[in-house]
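Participant: Sequence plus the predicted model coming up.
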Amino acid sequence: MDATSSPPSPAAPGGAEEIRLEGVSKVYADGTVGVAELDLTIAAGELTVLVGPSGCGKTTTMKMINRIIEPSTGRILMGGEDVTRVDPVRLRRRIGYVIQNVGLFPHQTVRVNVGTVPRLLGWDKRRIRDRVDELLDVVGLDPAVHGDRYPHQLSGGQRQRAGVARALAADPGVLLMDEPFSAVDPIVRERLQSEFLRLQEQVRKTIVFVTHDIEEAVRLGDRIAVMSEGGHVEQFDSPADLLGRPATPFVADFVGADRGLKRLAVTGIDVADLEHPPVVRVDDGLDAARTVLARESARWAVVLDDRGTLHGWLSADRAAGSGTVRDAGKRMEAWVPVGSSLKTAFSTMLQHEAGWVAVLDGDRFLGVLTPESLHAALRRSVGGAVPETAGAAQV
Ligand SMILES: Nc1ncnc2c1ncn2[C@@H]1O[C@H](COP(=O)(O)OP(=O)(O)OP(=O)(O)O)[C@@H](O)[C@H]1O
């Protein structure tokens, strides 16, 4: 797996491939229209979520990609190649597949399960064993402990991890995941989701992920397709845009009235949103600090050294007397790295009962976020639009 080089060409072995659905429909034998005239381009190396209410055609769409379900009309291109012209068995070996309750073979050990596709591909035993051990490790299972167990001897979360390892075994360019985390409890699910995001950062597969849970979609997706009945795509957008600018009443309803809050999690801190409180130097005397505070009519100042490294903060109360800033200043507990989300910034603020949170690049101080600038940042993330539902952006 190559995680560091530039994006692989569409057809590179193990490399992520773009998937294009063009005018795809599925009419079942009884006349039910599962999906009608669907056009969708799933970018290589991205995690695309299909989300929508029960019966809207998510699973049908996904299963047409690996031809478990044959489309009635339209074309599906994977890395530019029409999947209907590829032998379905060979096609499926290029596509990892993870489903709810995993679908591990119950009478085979974890090791044998994970090695299924490499065995079908005729890899030699040594290579399979090395690959299986490597993958168990990647998904957080100890090969020595879990490798020889049977699926029923694992917890739900461990089974799910084994399922992901099995799907990745032959290094497919594409992963299809149908509600893979829905059978485990919410705490395990959140852990699996975080682990999975970290894994995707390394492997950069093209992932199509089906869920009916908007929270999961927003957490995991690079792009999200919100679907309504008949596989109709109501909106296909980044999580921030989906929450910030729902395109239709259906989407607004589906993402929920608390979408302003949800948007906190998917909106990064923008340096332009930071406020810049007065700065005093750690080596200054308190008299100099008092001058700065008085000049700026401020109740507190940030304490930095000459290199811009954050040392803490100094309140006007503690600036009285004759000592030094170094002695009178307080340590800064409420801080976040610059790449963080607004949600992280807000919860850090709450956790430390602070009126503001410092934003750092390494240990260099960039500025602070206050509740006011957080609110402004959220509004900026939707192009300065006034929140249209009362309470939606009250943070
Ligand atoms: N084999 C089948 N025969 C007839 N109709 C089917 C068949 N499979 C699915 N459908 C219908 O096609 C529509 C789309 O189903 P699909 O399973 O794709 O929805 P979904 O969005 O994945 O739903 P869920 O979230 O409940 O899994 C539904 O109306 C469903 O009843």
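Facilitator: Perfect, thanks for sending it. Remember, predicted model here, so these are calculated numbers, not experimental data.
Participant: Which residues are in contact with the closest residue to the ligand within the stretch 151-300 of the chain?
Facilitator: Relative to the ligand, the nearest point of the stretch 151-300 of the chain is His212 (4.8 Å; Cβ to the nearest ligand atom). C-beta: built from backbone N, CA, C; applies to glycine. Shown in contact with His212 (Cβ atoms under 8 Å, 6 or more residues apart in numbering): 51-54, 58, 179.
Participant: Likewise for Thr84?
Facilitator: Neighbours of Thr84 in contact, by Cβ under 8 Å, 6+ apart: 67, 70-71, 75-76.
Participant: now do 7 Å
Facilitator: By Cβ atoms under 7 Å, 6 or more residues apart in numbering, the contact list for Thr84 reads Ile76.
Participant: does it sit in a helix, a strand or a coil?
Facilitator: helix (DSSP: H, G, I helix; E, B strand; the rest coil).
Participant: For the top helix by length along the chain, output the C-alpha coordinates as PDB.
Facilitator: Taking DSSP state H as the criterion, the chain has its longest helix at helix 186-203. Only the C-alpha atoms of helix 186-203 are listed here, as PDB (Å, rounded to 0.1, in the frame of the first residue of the first chain):
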ATOM      1  CA  PRO A 186     -22.500   3.400  20.000                       C
ATOM      2  CA  ILE A 187     -19.300   3.600  22.000                       C
ATOM      3  CA  VAL A 188     -17.600   0.800  20.100                       C
ATOM      4  CA  ARG A 189     -19.000   2.300  16.900                       C
ATOM      5  CA  GLU A 190     -17.400   5.600  17.500                       C
ATOM      6  CA  ARG A 191     -14.000   3.900  18.200                       C
ATOM      7  CA  LEU A 192     -14.300   1.900  15.000                       C
ATOM      8  CA  GLN A 193     -15.200   5.000  13.100                       C
ATOM      9  CA  SER A 194     -12.100   6.800  14.400                       C
ATOM     10  CA  GLU A 195      -9.800   3.900  13.700                       C
ATOM     11  CA  PHE A 196     -11.300   3.500  10.300                       C
ATOM     12  CA  LEU A 197     -10.700   7.200   9.400                       C
ATOM     13  CA  ARG A 198      -7.000   6.700  10.500                       C
ATOM     14  CA  LEU A 199      -6.800   3.600   8.300                       C
ATOM     15  CA  GLN A 200      -8.200   5.400   5.300                       C
ATOM     16  CA  GLU A 201      -5.700   8.200   5.700                       C
ATOM     17  CA  GLN A 202      -3.000   5.500   5.200                       C
ATOM     18  CA  VAL A 203      -4.600   3.500   2.400                       C
END
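Participant: chain center to that helix, what's the gap?
Facilitator: Helix 186-203 sits 8 Å away from the centroid of its parent chain (Cα atoms, centre = their mean, to the nearest Å).
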